[in-house]
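Undergrad: Turn this into a structure:
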Amino acid sequence: MTLPVPCSGEPPSRRGVFLLITGIVFVLLFSRNMSRHFDLDEHQFVAPPILLREDGRVPYADYPYFHMPTLVGVYAGTITWSPYKLLAARMFYTLCGMGTIAMLFAMSWRMLGSLPSATRWRISGSLTLIYFCSRLFTYSTGWAWNHDSSVVCALAATMLLQRGLRYGRPGHALPAGFLIGSAIGIRLSFALAVVPFAAGVLFIASPMTWRQRVAGVALGALGVVLSLVPAIVLLLQNPDQFVFGNLGYVALNTLFYAASEPASVRSFEGCLRIFRTFASDPGNAALAVSFVYAAGWRMWKARAWRGPDAGDVLLPLSLLPFLMVGVMGPNPVQYQYPYMLLPFMTLVVVATVAAESSDPAMIRYWMRALAAWAVITAATGLPRWYWPVVRLPAPERWVPVEVHRVGEWIRDNTSPGDRVLTIDPVVPMEAGVKVYPEFAVGRFVHHVGPYMTPDERHRYRMTWAEELDRVLAERPPDAIFVDQRVLFLVPAFQEYAESHGFRRLDCPFGEYILWTRPQSAAAHAGNRRQHPESIGVPAGE
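TA: Just a heads-up that it's a prediction; the model follows:
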């Protein structure tokens, strides 16, 4: 299997330029990701792999989990090598985002292979720069969510399948199936992508015989099943919890938003608001306009669906309506959900341009239009989104390092072996402090708990109301930690702390509150005397 190498066959100087640009892009992306504020959604993706690696606790079986499980295993093998858990997670996602950028350029470079080298540079570089500076990319990438990893898997699967179709190699369907299955195992929104993938193997123009096409579908299906083995095992072991976590929870979460943010729940006004926000960004607008023009008119004029390269345009184009189902499935639709469409829209544009390579006038038009969009997008986007590069030489100012410092502050104000009650589990886990696994997903249990019956809460291990009372009675907390942004969700935590005489401590590093048992005050003071520098106050204060 051969992957496209950008600038292969070019003079060493041009390959050096490509490597230099790649390094600059990585530095900009890394610096931005290290400076983004700590998002509350990151708890549900970082805490479960720590619980799996350190305590052997499994999603669905040991705690509620509201996503597909593949990312838990991936993270358990990648982020727990470092004491800085959030930093390692964001580093992994930086690599995923960088992988998407590099693959887009590589695929564009290959598809435009019939054009002169300078033209390939301008078109591929312009589209990649627009993508890199678009708000949908900069918003969705970098946080330790599940978007970057699923997108990079789906894009790699598309690249492999395109090559298999072009060269008549059904064996490419196996790794492509494994990668698209991995995308599904990370984010269920990609589930319907198997339909256009299978249809593409069967019907898109290719040197493959009919027997090879059938074999390709079988190999692709095998790859999907192999990648989903962890999810299948967990489904068989905990069917009710698995189905609720991936489907039932979504409906209940809609009720939460309908009560707390009614304007965000799907409506004409809500969709219009998202569209306006999307279209107001130059990068988003450039990619959307280019895609509509390419798919709506130029593709027809160039007959881009014919010939040996038909898969270059038909495969990403056919993916889009099926991915749109995944985008629109949850309610409300969050701004980052359409991010999964963006790389495939970009590929449709590139494939359409490549199909017009015999028309010099149209190539000049595309080159000039994309270059103009790239200048506008870079001029507005680079200083807006990537200014944190100035913080790169100061790692103490990186957000994951600051979160780790708060975790150390919790450790130094509790005793060894203490258990902390919190819906912000990553922070104490940064310093090895034990938390309640029931809240591995963070605040989301408290989103839907009020909309469930007591029997349902018990059945699905949703620790809210009487279930919370039961857990606290069986395993009383030694400390309670709360991010003030979500204090309104857990009034029971504060009530418990005050009614049991816990001592309140305000964090010197941010809007956090820690309540500790009064009988442990002497031990806490001893910890502070031993590590005064880790809490940012002079010894004895």
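
Undergrad: so where is this structure shaky, pLDDT-wise?
TA: Scanning the chain for pLDDT under 70 picks out 1-13, 266-271, 519-541.

Undergrad: ok, I101 - contacts?
TA: Going by CB atoms under 8 Å, 6 or more residues apart in numbering, I101 touches V25, L29, T128, Y131, F132. The C-beta positions use only the backbone N, C-alpha and C, and glycine is treated the same way.

Undergrad: Surely the second one is within a helix?
TA: Yes: note on L29: a helix contains this position according to DSSP: H, G, I helix; E, B strand; the rest coil.

Undergrad: Neighbour-wise, which one of the contacts of I101 leads?
TA: Counting neighbours by other CB atoms under 10 Å, F132 leads the contacts of I101 with 27 neighbours.

Undergrad: May I see the buried residues of the helix or strand containing that one?
TA: Counting by DSSP states H and E, the element that carries F132 is helix 117-133. For helix 117-133, the buried set under the neighbour-count rule, 16 or more other CB atoms under 10 Å, comprises 119-133.

Undergrad: List the contacts of that helix.
TA: So helix 117-133 is in contact with 6, 10, 14, 25, 101, 104-105, 108-109, 112-113, 115, 137, 282-283, 286-287, 290, 342-343, 346, 349-350, 353, 363, 366-367, 370-371, 373-374, 377-378, 380-382, 385, going by CB under 8 Å, 6+ apart.

Undergrad: need the next SSE after that helix, C-terminal direction.
TA: Next along the chain from helix 117-133, counting by DSSP H and E, comes helix 135-140.

Undergrad: what residues go with each domain of this protein?
TA: The record's domain parsing of the chain by automatic domain parsing lists 12-35+66-385, 397-534.

Undergrad: closest one to Q44 among these?
TA: Counting by CB to CB, Q44 lies closest to domain 397-534 out of the domains of the chain; the figure is 4.1 Å.

Undergrad: what about the closest one, distance to the chain center?
TA: Distance of domain 397-534 from the chain centroid (CA atoms, centre = their mean, to the nearest Å) equals 26 Å.

Undergrad: Over to stretch 132-144?
TA: For stretch 132-144 - counting by CA atoms, centre = their mean - the centre lies 10 Å from the chain centre.

Undergrad: Strands along this protein, start to end?
TA: In the chain, the strands defined using DSSP state E lie at 419-421, 434-435, 479-483, 503-506, 512-516.

Undergrad: Now render the ones you listed as TSV, adding distance to A302.
TA: As requested, the strands of the chain are exported to TSV (distance: least, CB to CB, whole Å):
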stretch	distance to A302
strand 419-421	61
strand 434-435	57
strand 479-483	53
strand 503-506	64
strand 512-516	57
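
Undergrad: Just put those in JSON lines and tack on mean neighbour count and distance to V72.
TA: JSON lines is the format used below for the strands of the chain (neighbours: other CB atoms under 10 Å; distance: least, CB to CB, whole Å):
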{"stretch": "strand 419-421", "mean neighbour count": "22", "distance to V72": "21"}
{"stretch": "strand 434-435", "mean neighbour count": "21", "distance to V72": "16"}
{"stretch": "strand 479-483", "mean neighbour count": "24", "distance to V72": "22"}
{"stretch": "strand 503-506", "mean neighbour count": "14", "distance to V72": "32"}
{"stretch": "strand 512-516", "mean neighbour count": "22", "distance to V72": "26"}
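
Undergrad: And those strands: which comes nearest P49?
TA: Short answer: strand 434-435, nearest of the strands of the chain by CB to CB, at 13.7 Å.

Undergrad: Show residues contacting that closest one.
TA: A47, G417, D418, R419, V420, L421, T422, P425, P428, M429.

Undergrad: same deal with stretch 64-76?
TA: So stretch 64-76 is contacted by 44-46, 48-50, 52-53, 59-60, 89, 92, 146, 149, 182, 184-188, 227-228, 230-231, 234, 241, 244-246, 249, 438, 440-441, 444-445, 460-462 (CB under 8 Å, 6+ apart).

Undergrad: Ok, stretch 369-381 next?
TA: 122-123, 125-127, 129-130, 132-135, 138, 282-283, 286, 290.

Undergrad: buried sites along stretch 31-46?
TA: Quick answer for stretch 31-46 (16+ other CB under 10 Å): 31-36, 38, 40-46.

Undergrad: Turn those into CSV, including distance to P332.
TA: Formatted as CSV, the buried residues of stretch 31-46 follow (distance: CB to CB, whole Å):
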residue, distance to P332
S31, 31
R32, 26
N33, 25
M34, 29
S35, 27
R36, 22
F38, 22
L40, 16
D41, 14
E42, 20
H43, 20
Q44, 18
F45, 20
V46, 24
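
Undergrad: what two of those residues are the furthest from one another?
TA: Greatest spacing in these, by CB to CB: S31 and Q44 (25.2 Å).

Undergrad: Would you show me how to pick out the buried ones of the contacts of strand 434-435 in PyMOL?
TA: Those of the contacts of strand 434-435 that count as buried under 16+ other CB under 10 Å are selected in PyMOL with:
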select buried, resi 47+418+420+421+422+425+428+429
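
Undergrad: Return the member of the contacts of strand 434-435 nearest to R298.
TA: Distances from R298 to those, taken by CB to CB, are shortest for A47, at 47.3 Å.

Undergrad: quick one, what contacts that closest one?
TA: Contacts of A47 by CB under 8 Å, 6+ apart are P425, V426, M429, V435, A440, V441, G442.

Undergrad: Which two among those are spaced furthest apart?
TA: Most distant of the contacts of A47, by CB to CB, are M429 and V441, 13.4 Å apart.

Undergrad: Inside helices: which ones of the contacts of A47?
TA: V426, M429 (DSSP state H).

Undergrad: Which of the contacts of A47 sits closest to P508?
TA: Checking these one by one against P508 (CB to CB), the nearest turns out to be V426, at 19.1 Å.

Undergrad: picking up where we left off before, let me have the domains of the chain in TSV, adding distance to R391 as columns.
TA: Output for the domains of the chain, formatted as TSV (distance: least, CB to CB, whole Å):
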stretch	distance to R391
domain 12-35+66-385	6
domain 397-534	5
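
Undergrad: Please name the nearest non-neighbouring residue to A310.
TA: Nearest residue to A310 in three dimensions, chain neighbours excluded: A205, at 4.5 Å (CB to CB, 6 or more residues apart in numbering).

Undergrad: now the contacts of helix 117-133: which count as buried?
TA: Looks like those have 6, 10, 25, 101, 104-105, 108-109, 112, 115, 137, 282-283, 286-287, 290, 342-343, 346, 349-350, 353, 363, 366-367, 370, 373-374, 377-378, 381, 385 buried, using 16+ other CB under 10 Å.

Undergrad: Could you tell me which of those belong to helices?
TA: Per DSSP H, the subset of the buried ones among the contacts of helix 117-133 in helices is 25, 101, 104-105, 108-109, 137, 282-283, 286-287, 290, 342-343, 346, 349-350, 353, 363, 366-367, 370, 373-374, 377-378, 381, 385.

Undergrad: how close does Y460 sit to A492?
TA: Here the criterion is CB to CB, to the nearest Å. By it, Y460 lies 19 Å from A492.

Undergrad: let me fix that: E408
TA: 27 Å.

Undergrad: quick one, which of those two is more surrounded?
TA: E408 (22 against 15).

Undergrad: picking up where we left off before, in JSON lines: the contacts of I101, plus distance to E456.
TA: Formatted as JSON lines, those follow (distance: CB to CB, whole Å):
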{"residue": "V25", "distance to E456": "47"}
{"residue": "L29", "distance to E456": "42"}
{"residue": "T128", "distance to E456": "48"}
{"residue": "Y131", "distance to E456": "43"}
{"residue": "F132", "distance to E456": "45"}
